[in-house]
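# here is a sequence with its predicted model. Questions after.
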Amino acid sequence: MNDQLEPAERGGAGPIAFWTRRVLTALVSIIMFSMMILTTADVFGRAVLNTPIKGSFEIITFLLAALIFSSLPLITWDEKHITVSLIEQWIRGPSRRISRVLILTVCTIVVAGITYRMWVQGDLMAEGQHITGFLEWPIAPIAYFMAVLSGFSTLVLMLLTWSALSGKDLDETDCYLCLRAGQLEYGAGARIRTADLRFTKPLLCQLSYAGILI
């Protein structure tokens, strides 16, 4: 039994989700590596050879924008955004699910708004034929790129919201377990067999019950 599962495995999304994560992760890695190489080469050329790479600032600006919005779907998928827990410790049971659904709904609306405005901005830049100052690269394509990835993040948030509404993402801090006829009963009212424990977070549950569950 695996103690930790990939988000795609936990959600049961299948190979499409798995390969989408792989592609996005590879894209983020390539962009970060490119920024590192470009920055190093530019600094070395500027300080040692007195020949900096022309337009490096504009290239890094484009890469940074691509990096942020390429990472956004992954961070959203894993729910690794920065959070502040002020009243979470007092929210239990059904109230916790309601709170989670509300938060995810608000996040979905906000990111959808960002997606819409980013696409509108891309249209405006395309109509105005906006270009960078030195390399004269068009700015509209990067705006569309950010809008598409922001839209993908919106889709991920919609799936997370639906998962929260349907009770498929029970949180380990919210589930109280009791052994009844070989079954586990969760706070959300769902029942699941011990054999199906791999679909939750078994390590945390096992630790909570001092090894009662195997």
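Here it is on my side, so go on.
# what about the chain, any weak spots by pLDDT?
Confidence mapping of the chain against pLDDT under 70 gives the ranges 1-14, 168-214.
# what ranges do the strands span in it?
Listed from the start of the chain, the chain has strands (DSSP state E) covering 179-180, 183-185, 191-193.
# which strands or helices does the longest helix along the chain pack on?
In the chain, taking DSSP state H as the definition, the longest helix is helix 94-128. Using 3 or more Cβ pairs under 8 Å, 6 or more residues apart in numbering; DSSP states H and E as the contact criterion, the elements in contact with helix 94-128 are helix 140-166. (C-beta placed from N, C-alpha, C; glycine too.)
# and the helix it packs on, how far out from the chain middle?
Between the centre of helix 140-166 and the centre of its chain there are 9 Å (Cα atoms, centre = their mean, to the nearest Å).
# residues of it that come out buried?
Along helix 140-166, the positions that meet the burial threshold by neighbour count (16 or more other Cβ atoms under 10 Å) are 140, 142-147, 149-154, 156-157, 159-161, 163-164.
# go on, stretch 126-133?
For stretch 126-133, the neighbour count (16+ other Cβ under 10 Å) marks T132 as buried.
# what does it rub up against?
Outside of stretch 126-133, the residues within contact range by Cβ atoms under 8 Å, 6 or more residues apart in numbering are 55, 58, 137-140.
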